[in-house]
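In: heads up, no residue letters with this:
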């Protein structure tokens, strides 16, 4: 069964959707981002100890910041999910500080790890960019069928069963392609490391 246009659109990388929001205030792209990330952010916030109402409120605020600050996202600097979840995490820290009435003092022991300056040093930033370029080159050299399952699994965060549906292939084939691709990537990246 061939992929429908909607399924092909569904497979677009999240980074590309953020870029569309930044460049064209693309509401459809934002709706896709919101539909995918808002429930995941809410679950993340609930697991961190926030109540249902506060988790919902902060998830929506995080997504509004994605809309307003999409132009600040740099796809070369990191992945979209990490950027979005960092926004959510920072909102959570701010909310906890406000709840304690202590916006200038340190946070709880759990939050102490988030208070350090997380800006990478110039050499670390360069190493991260170079590593990202190596991964992109290694992915580009995979056979298209293996590259596709890697993209869907790791970049689109699709479940293996959903990948099988999208590509109209057996679940075992999805798992086999993932194993083969991972082995090839591992061997290429270990040689270049």
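Out: The structure has been received and is ready for your questions. If you're wondering where the values come from, they're calculated on a predicted model, not measured in any experiment. Numbers count the residues shown, from 1 in each chain.

In: Pull up the distance across stretch 146-162, start to finish.
Out: Stretch 146-162 has its terminal residues 16 Å apart, counting by CA to CA, to the nearest Å.

In: Equivalent analysis for stretch 67-87, please.
Out: With CA to CA as the measure, the ends of stretch 67-87 fall 12 Å from one another.

In: got the contact list for that stretch?
Out: The set of residues that contact stretch 67-87 without belonging to it, under CB atoms under 8 Å, 6 or more residues apart in numbering, is 13-19, 21-22, 30, 33, 37, 41, 44, 62-63, 65-66, 125, 128-129, 132, 155, 157. To be clear about C-beta, it is placed using only N, CA and C from the backbone, and glycine gets the same treatment.

In: Mind doing that once more with 6 Å?
Out: 14-15, 18, 21-22, 30, 37, 62, 65-66 (CB atoms under 6 Å, 6 or more residues apart in numbering).

In: And the pLDDT at the spatially most central residue of the chain?
Out: In the chain, the centroid-proximal residue (CA atoms, centre = their mean) is residue 81; its distance is 1.7 Å. Looking at residue 81, its pLDDT stands at 88.

In: Which strand or helix spans it?
Out: With elements delineated by DSSP states H and E, residue 81 resides in helix 80-100, which encompasses its position.

In: what's the answer for residue 183, then?
Out: helix 171-192.

In: what mean pLDDT does stretch 13-22 have?
Out: 87.

In: Check the offset of it from the chain's centre.
Out: Between the mean C-alpha location of stretch 13-22 and the chain-wide mean there is a distance of 11 Å, by CA atoms, centre = their mean, to the nearest Å.

In: how about it: buried residues?
Out: 14-15, 17-22 (16 or more other CB atoms under 10 Å).

In: In a markdown table: the residues you listed, plus secondary structure and distance to residue 90.
Out: Output for those, formatted as a markdown table (DSSP: H, G, I helix; E, B strand; the rest coil; distance: CB to CB, whole Å):
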| residue | secondary structure | distance to residue 90 |
| --- | --- | --- |
| 14 | helix | 19 |
| 15 | helix | 20 |
| 17 | helix | 21 |
| 18 | helix | 17 |
| 19 | helix | 22 |
| 20 | helix | 24 |
| 21 | helix | 19 |
| 22 | helix | 19 |
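
In: what two of those have the greatest distance between them?
Out: 14 and 22 (12.8 Å; CB to CB).

In: if we can go back for a sec, list the buried residues of the helix holding residue 81.
Out: Residues of helix 80-100 classed as buried: 80-81, 83-85, 87-89, 91-93, 95-97 (neighbour count, 16+ other CB under 10 Å).

In: Okay then, goodbye and thanks.
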